[in-house]
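1. pasting the sequence and the predicted coordinates here, then a few questions.
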Amino acid sequence: MGPIAAILESKLRAAFSPTALEVIDESHRHAGHAGAHPQGESHFRLRISAPAFQGQSRVQQHRMINAALAHELKTRVHALAIEVI
């Protein structure tokens with residue numbers, strides 16, 4: 001796990017105390033595409049389960065996650081695929 005993925009994981013654990021969490025770097029699949037960072041760690045897939053998401057719509061869940069990762073999404077992370085499980 002690279003440093004950006006570790007930051008994402010740390011912030012998500014602090015914000016949601018998830019029961020399951022996977023932060024998957026998919027940057028290699030986007031090399032050369034718009035938004036791809038030369039050192040990688042620009043495209044991620046997130047799989048997360050947490051009590052905080054119970055009763056929330058998919059849009060609300062995504063907004064919660066985006067708020068927790070706002071700085072990274074503005075500065076380094078180009079794409080984040082979210083799967084609330």
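-> Perfect, I can see it now.

2. contact partners of stretch 15-25?
-> 1-2, 5, 8-9, 12-13, 40-41, 43-53, 64, 68, 85 (Cβ atoms under 8 Å, 6 or more residues apart in numbering). C-betas here are computed from N, CA, C, even on glycine.

3. in ChimeraX, select just the buried ones from these.
-> The ChimeraX command for the buried members of the contacts of stretch 15-25 (criterion: 16 or more other Cβ atoms under 10 Å) is given here:
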select :5,8,9,12,40,41,43,44,46,48,49,50,53,64,68
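
4. what about the contacts of stretch 15-25, which are in helices?
-> Using DSSP state H, the subset of the contacts of stretch 15-25 located in helices is 5, 8-9, 12-13, 64, 68.

5. so who does residue 66 touch?
-> Residue 66 makes contacts with 73, 80, as judged by Cβ under 8 Å, 6+ apart.

6. please repeat the previous calculation with a cut-off of 7 Å.
-> Taking Cβ atoms under 7 Å, 6 or more residues apart in numbering, we find residue 66 in contact with residue 73.

7. for it, helix, strand, or coil?
-> The three-state label given to residue 66 by DSSP: H, G, I helix; E, B strand; the rest coil is helix.

8. hang on, the earlier thing: Throw the ones in helices among the contacts of stretch 15-25 into a markdown table and include distance to residue 58 and pLDDT, thanks.
-> Formatted as a markdown table, the ones in helices among the contacts of stretch 15-25 follow (distance: Cβ to Cβ, whole Å; pLDDT from 0 to 100):
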| residue | distance to residue 58 | pLDDT |
| --- | --- | --- |
| 5 | 23 | 97 |
| 8 | 20 | 98 |
| 9 | 22 | 98 |
| 12 | 17 | 98 |
| 13 | 21 | 98 |
| 64 | 11 | 98 |
| 68 | 16 | 98 |
